[in-house]
Structure formats: structure tokens, C-alpha cells
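> below is the structure, and that's it, no one-letter string:
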């Protein structure tokens, strides 16, 4: 049926020494730290990108509103002399 010899590990691979366990756990923690740092960096980059885009859009809307108000004010000021002869 099954060949149990293929499923068993050699004796030296079944039991790890404390040094090997230490190296393995250190390696796992380093991989975890690297992946965590990569995820955090990607999140910060995405937040920075979204924040800048949002701020630029807000400034553009504010600029258009300010420009329209100034145009309306300028038109009102320029219309004053035209109405003066009618009043006189």
C-alpha cells in the first residue's frame, strides 16, 4: 500500500537543535518584519497619494469659486459708471 519509509524523515531532520530552532525563528521574525514594513510602507504611500489628490481637488474647486466671485465683483464695479448717468 503506502511506503512508510518515504513518509518518514531522516533522524537528523526530525529533531532540531536549539540553535537550529533559534535560526529558524529568527528567520521567520525577519520575514514577518520585512513583510510588515512593506505593508506599512505601501499603506503610507497610498494615504499620501490619496491625501495629495484630495487636497489638489479641493484647492482647484476653491480656486474656481474664488475666481468666479472676483469676476462677479469686477463686473459689478465696472457696471457702476454705466448706471450713474441714468441716476443723474
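Looks like it came in fine. Quick caveat: nothing in here was measured; it's all calculated off a predicted structure.

> helices of the protein, start to end?
Ranges of helices in the chain, per DSSP state H, are 4-7, 11-14, 18-87.

> what sits against residue 16?
residue 24 (CB atoms under 8 Å, 6 or more residues apart in numbering). Every C-beta, even on glycine, is put in place using the N, C-alpha and C of the backbone.

> quick check, pLDDT for it.
For residue 16, the pLDDT comes out at 76.

> same deal with residue 11?
56.

> residue 7 too?
The model's pLDDT for residue 7 equals 58.

> ditto for residue 86
pLDDT at residue 86 comes out at 69.

> just residue 79 next, same as before
The model's pLDDT for residue 79 equals 83.

> what number of residues lie near it?
9 (other CB atoms under 10 Å).

> same thing with residue 17?
For residue 17, the count of nearby residues is 9 (other CB under 10 Å).

> need the winner for burial among the helices of the chain.
helix 18-87 (a mean of 10; mean count of other CB atoms under 10 Å).

> now it: how far from the chain's centre is it?
11 Å (CA atoms, centre = their mean, to the nearest Å).

> any low-confidence regions in this structure?
1-14, 83, 86-88 (pLDDT under 70).

> so for it, which residue is the most central one in space?
In the chain, the centroid-proximal residue (CA atoms, centre = their mean) is residue 46; its distance is 1.3 Å.

> for that one, give its distance to residue 65.
29 Å (CB to CB, to the nearest Å).

> now swap in residue 72 and tell me
11 Å.

> swap in residue 55?
From residue 55 to residue 65 the distance is 16 Å (CB to CB).

> can you check residue 51 too?
Distance from residue 51 to residue 65, counting by CB to CB: 21 Å.

> from residue 75, how far out is residue 69?
11 Å.

> residue 49 too?
Distance from residue 49 to residue 75, by CB to CB: 39 Å.

> repeat that for residue 23.
Residue 23 is 78 Å from residue 75, where distance means CB to CB.

> and what of residue 60?
Applying CB to CB to residue 60 and residue 75 gives a distance of 23 Å.

> all good on my end, thank you.
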